[in-house]
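1. the following comprises the amino acid sequence and a computationally predicted model.
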Amino acid sequence: MTTEADSITLGSYSHDLLLHDNDEVLVDGTIAFVQEGLASGGQVLVHSTEERVALLRGALGSHARLTYGLDRDLYQSPSTTLFAYQRIFEERTDATDVWVTGTVPHGEDQESHAAWARYESLVNEALGDYAFHALCTYDTQTLAPDVIAASRATHPHVGVGAHREVSHAYEEPADFLTDELAAVPTAPASEPTVTADVYSPHDLHIARRLLRRNTEPSDVSPDIADDLVTAAHEILVNGLEHGVPPVRLELWVGRSKLTCRVTDGGTGIRDRLAGFRHPNRGGSMGLWAARQLCENIFVSNLTRGGCSVLLSTA
Amino acid sequence: MESLERVPPTWDGHLLLVHRSEQERRAGVAAWVTRGLEVGAKIVYAEPPGQSPDRSLMAVLNERRVDTGASVTRGQLQVLPPEHLYSPAQQVHLIEQALAEGYPSVRFSAEAHTAYTVVSPAAHADLEWAMERLCRVRPVSALCQYPADLTLETLQVVSAMHVDGIWQTHLRTAARPDGIVLAGEADVSNQQILRSAVMAATTLARRSFVVDLSLLDFLDVGGCRALLLGTADYRRDGGRVLLQAPQRRVDRLLRLLAVDREQGVNVDGNDDDD
């Protein structure tokens, strides 16, 4: 139900949720969103599976500023997708708004569900500075309950047009990351494969070599392992610059997964979401680069002081 | 580091050795002397008379198992007090003498602070510029040893005097006709050296400047920043920088940070930079 107090007008950014239990609701909601986007002079993208794109194309027809895309082309890993969108928006010279509607690929297991839920939440942080409107469509008939619950917690608004209202289940991204639905990865309970203390920038080459040598036995692709090393390097640099040395480096080498933790002895970090916004808009370039090089990076403050950053491959 | 263990970009010319520790200095000096002995050059090393035995050139070479016996005996490797080296007339005399004795080339080396025992820093700077010119017109090379704790301003001046190359433990630079070669690993620990080296090299460049990255094994955010800052003045004046042949991990970061989209920068064959 939309109350007068809840009635929201669109700003330059919006990230809305459309829950549907049949194609009619999906088509009607998509049409309303697309028409609003086209009427505003914006560029509109409708994406989904082949079957649903065909359905929506039939209902919406064609327009010079309306394009259709397939999920499999647009959505790779959550982190890659998030920063790909950000790059597009950051590098756009066109002043018009971008309107995107569709469903993210939630994956088959709970780990994937959580990863895409975190993506949906972090969209608000990473893309919130841009002239961007999204309507994410969730099929309540086919999607798992945890996916639907997370969708309510990650979208500030629910509904389209006159039916648009504040999502009372919405959680700010920093809060959502502490929600069970986000299922933020944790370090393995086992002892690390390797541990090292880094005291100065002149130790960094040793840390990189240590990481490279120890990640080799894993089945993780060499490029992904290599990117993890660069990401860990940047986190170590941050630890040396903003924390208090020594900065501890721990690495767990699994057959198909690499996990790394960097812990410093400083005062901690004020913004746990640092590095999601584009550095042109302020913030750490090193952490921003690291977040693009490694699928999962989570920052937390330690109760004893200091900052802990967990990096892991997907 | 793999690339440093392959063929270094250059061994000759007016080179700057930036050392953070005595161990780094010794490794650089030993490698440079070894190369000189291999090519049959006359090697003149300046050392103060009171030099502690363990810091002396001979101690360094013995420690590194460089066979110096025969070369010292026949005068190919010579250690002289600094006053014999830090005078333009003496330098020319030593060169002429060595060439007359049949040596194909002459190599000089000393620590910067050795020079300060006989000349003022200002006079030493003049001698450095003179050596820079000498290395252009005569078969002469020099390895000048400086500690790493230089200010950025001093580092930039010293780098400008040594455009043939800079040696640092993990990073080496070398001049090429149209730019500079980088080898090793460039990160936050040596970003000021990288920035200074690139800036010095661009002062000699015309409309385009190539940074050969094929031997650079690692580059971090600080290194990317150094490349941009080091070439900023040159690009502002209309110069174009080509970041050539980056390895995968270097290329990945350059593109992530959109270095290829900076004004006046191309990465490899990418033309749509600005």
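-> Good, I have the coordinates. Not measured: the values here are computed from a predicted model.
2. next, the contact list for the residue of the stretch 1-150 of chain A found nearest chain B, please.
-> Relative to chain B, the nearest point of the stretch 1-150 of chain A is A:E91 (7.4 Å; C-beta to the nearest C-beta). In short, each C-beta sits where N, CA and C put it, glycine included. Residues in contact with A:E91 (C-beta atoms under 8 Å, 6 or more residues apart in numbering or on different chains) are B:A258, B:R261.
3. and it, how far from B:A148?
-> Counting by C-beta to C-beta, to the nearest Å, the gap from A:E91 to B:A148 is 38 Å.
4. how many residues are close by the closest residue to chain A within the stretch 151-274 of chain B?
-> At 3.9 Å from chain A, B:S189 is the closest residue in the stretch 151-274 of chain B, using C-beta to the nearest C-beta. For B:S189, the count of nearby residues is 25 (other C-beta atoms under 10 Å in any protein chain shown).
5. for stretch A:212-227, buried residues please.
-> Within stretch A:212-227, the residues scored as buried using 16 or more other C-beta atoms under 10 Å in any protein chain shown are A:N214, A:T215, A:S218, A:V220, A:I224, A:A225, A:D226, A:D227.
6. in a markdown table, list these along with secondary structure, distance to B:R236 and pLDDT.
-> Shown next, in a markdown table, are those (DSSP: H, G, I helix; E, B strand; the rest coil; distance: C-beta to C-beta, whole Å; pLDDT from 0 to 100):
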| residue | secondary structure | distance to B:R236 | pLDDT |
| --- | --- | --- | --- |
| A:N214 | helix | 44 | 97 |
| A:T215 | helix | 41 | 95 |
| A:S218 | coil | 45 | 93 |
| A:V220 | coil | 43 | 96 |
| A:I224 | helix | 38 | 97 |
| A:A225 | helix | 39 | 97 |
| A:D226 | helix | 34 | 97 |
| A:D227 | helix | 33 | 97 |
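7. columns distance to chain B on top of those, output as TSV?
-> Converted to TSV, those look like this (distance: C-beta to the nearest C-beta, whole Å):
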residue	distance to chain B
A:N214	17
A:T215	13
A:S218	17
A:V220	15
A:I224	11
A:A225	11
A:D226	5
A:D227	7
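8. quick one: residues contacting the residue of the stretch 151-274 of chain B closest to chain A.
-> Contact analysis of B:S189 by C-beta under 8 Å, 6+ apart lists A:S200, A:P201, A:H202, A:L204, A:H205, B:H170.
9. in a strand, it, correct?
-> No: B:S189: not assigned to a strand; according to DSSP: H, G, I helix; E, B strand; the rest coil it is coil.
10. what's the spacing between it and B:L257?
-> For B:S189, the distance to B:L257 - C-beta to C-beta - is 19 Å.
11. quick check, pLDDT for the closest residue to chain B within chain A.
-> Here chain A gets closest to chain B at one residue, A:P201, 3.9 Å apart by C-beta to the nearest C-beta. Note for A:P201: predicted pLDDT of 96.
12. isn't it right up against A:P245?
-> No: counting by C-beta atoms under 8 Å, A:P201 stays clear of A:P245, with 9.9 Å between them.
13. write a PyMOL command that selects only the buried members of the contacts of B:S189.
-> To isolate the buried ones among the contacts of B:S189 in PyMOL, judged by 16+ other C-beta under 10 Å, type:
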select buried, (chain A and resi 201+202+204+205) or (chain B and resi 170)
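14. how about JSON lines for the contacts of B:S189, with secondary structure and distance to B:A232 added?
-> Output for those, formatted as JSON lines (DSSP: H, G, I helix; E, B strand; the rest coil; distance: C-beta to C-beta, whole Å):
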{"residue": "A:S200", "secondary structure": "coil", "distance to B:A232": "28"}
{"residue": "A:P201", "secondary structure": "helix", "distance to B:A232": "23"}
{"residue": "A:H202", "secondary structure": "helix", "distance to B:A232": "26"}
{"residue": "A:L204", "secondary structure": "helix", "distance to B:A232": "25"}
{"residue": "A:H205", "secondary structure": "helix", "distance to B:A232": "26"}
{"residue": "B:H170", "secondary structure": "coil", "distance to B:A232": "24"}
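15. for the contacts of B:S189, give me JSON lines that also has distance to A:A131.
-> Shown next, in JSON lines, are the contacts of B:S189 (distance: C-beta to C-beta, whole Å):
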{"residue": "A:S200", "distance to A:A131": "44"}
{"residue": "A:P201", "distance to A:A131": "39"}
{"residue": "A:H202", "distance to A:A131": "45"}
{"residue": "A:L204", "distance to A:A131": "39"}
{"residue": "A:H205", "distance to A:A131": "43"}
{"residue": "B:H170", "distance to A:A131": "44"}
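16. so which of the contacts of B:S189 is the closest to B:R225?
-> Within these, proximity to B:R225 (C-beta to C-beta) peaks at A:P201, which comes in at 13.9 Å.
17. now the closest one: closest residue in space that isn't a chain neighbour?
-> Distance criterion C-beta to C-beta, 6 or more residues apart in numbering or on different chains; nearest residue to A:P201, sequence neighbours excluded, is B:S189 at 3.9 Å.
18. how close does the one you found get to B:H14?
-> As judged by C-beta to C-beta, B:S189 and B:H14 stand 24 Å apart.
19. got it, and B:P139?
-> On the measure of C-beta to C-beta, B:P139 and B:H14 end up 13 Å apart.
20. please identify the buried residues of stretch A:167-183?
-> For stretch A:167-183, by 16+ other C-beta under 10 Å, it's A:S167, A:Y170, A:E171, A:P173, A:F176, A:L177, A:D179, A:L181, A:A182, A:A183.
21. tell me which element the third one falls in.
-> I take that to be A:E171. Using DSSP states H and E, A:E171 falls within no helix or strand.
22. so it touches A:H155, yeah?
-> No: the criterion here is C-beta under 8 Å, and A:E171 misses it with A:H155 at 10.3 Å.
23. what does the pLDDT read for the most centrally placed residue in chain B?
-> Centroid-nearest residue in chain B: B:I166, 2.3 Å away (criterion: C-alpha atoms, centre = their mean). What the model reports as pLDDT for B:I166 is 93.
24. ditto for the one 10 residues further on
-> The predicted local distance difference test score for B:R176 is 90.
25. leaving out the residues flanking it, which one is nearest to it?
-> In space, B:R176 is closest to B:D212, 6.4 Å off (C-beta to C-beta, 6+ apart).
26. check the gap between that neighbour and B:V181 for me.
-> 4 Å.
27. just how off-centre is stretch B:183-197 within its chain?
-> Computed by C-alpha atoms, centre = their mean, to the nearest Å, the separation of stretch B:183-197 from the middle of its chain amounts to 12 Å.
28. which bits of the stretch 151-300 of chain A sit near chain B?
-> Residues of the stretch 151-300 of chain A lying close to chain B (C-beta under 8 Å from any C-beta of the partner chain) are A:200-202, A:204-205, A:208-209, A:223, A:226-227, A:230, A:233-234, A:237, A:285-286, A:289, A:292-293.
29. repeat that with 7 Å
-> Contact residues (C-beta under 7 Å from any C-beta of the partner chain) of the stretch 151-300 of chain A with chain B: A:201-202, A:204-205, A:208, A:226-227, A:230, A:233-234, A:237, A:285-286, A:289, A:292.
30. in the residues you listed, find the pair that's most separated.
-> The span of these, defined through C-beta to C-beta, is set by A:H202 and A:Q292 at 26.3 Å.
31. spell out which parts of the stretch 1-150 of chain A neighbour chain B.
-> Residues of the stretch 1-150 of chain A lying close to chain B by C-beta under 7 Å from any C-beta: none are found.
32. helices along the stretch 1-150 of chain A, start to end?
-> Counting by DSSP state H, counting those that start in this stretch, the stretch 1-150 of chain A has helices at residues A:23-39, A:50-60, A:71-74, A:78-91, A:110-126, A:145-154.
33. how about those in TSV, adding distance to B:G239 and mean pLDDT?
-> Output for those, formatted as TSV (distance: least, C-beta to C-beta, whole Å; pLDDT from 0 to 100):
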stretch	distance to B:G239	mean pLDDT
helix A:23-39	43	94
helix A:50-60	48	92
helix A:71-74	39	84
helix A:78-91	24	93
helix A:110-126	35	96
helix A:145-154	47	96
